[in-house]
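**Q** Give me the fold of what follows.
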Amino acid sequence: MKYFVDANIFLRYLTNDIPEQAEAVALLFQQAADGELKLVTNAMVMAELVWVMELAYKLPRQIIQELDSGVFG
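**A** Reported below is the predicted structural model:
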C-alpha cells in the first residue's frame with residue numbers, strides 16, 4: 001500500500017514536540033524501510049517543511065539541513 005506523507009508527519013518526527021506522534025511516525029518510517037508499505041511525498045511538502053521549521057520553529061538553515069539529511073539521507 002502507498003501513503004502520501006505531508007509536512008506535519010515530518011515535523012512530528014523531526015521536532016519530537018509531541019512524543020507519542022513522533023513514535024508513531026518512527027514506526028511508520030520503519031515499516032517503510034522494511035518494505036511493508038511505501039511512502040511518497042513531493043517537493044511542495046519539502047518546501048513547506050523547511051518554511052515551517054524556519055519561521056515557526058526558528059531553526060537556522062544549517063540545523064534544518066542536518067535534520068533533513070538524517071531523515072532523507
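
**Q** Give me the pLDDT value at Pro60.
**A** pLDDT recorded at Pro60 is 88.

**Q** burial count for it?
**A** Neighbourhood size, Pro60 [other Cβ atoms under 10 Å]: 10. (Each C-beta comes from the backbone N, C-alpha and C, glycine too.)

**Q** could you pull out the strands for this structure?
**A** Using DSSP state E, the strands of the chain run over residues 2-4, 38-40.

**Q** Compute the distance from the centre of the first one to the centre of its chain.
**A** In this case it means strand 2-4. 14 Å (Cα atoms, centre = their mean, to the nearest Å).

**Q** One more: the last one?
**A** The chain centroid and the centroid of strand 38-40 are separated by 12 Å under Cα atoms, centre = their mean.

**Q** how about the strands of the chain in JSON lines, adding distance to Leu67 and mean neighbour count?
**A** Shown next, in JSON lines, are the strands of the chain (distance: least, Cβ to Cβ, whole Å; neighbours: other Cβ atoms under 10 Å):
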{"stretch": "strand 2-4", "distance to Leu67": "21", "mean neighbour count": "10"}
{"stretch": "strand 38-40", "distance to Leu67": "17", "mean neighbour count": "11"}
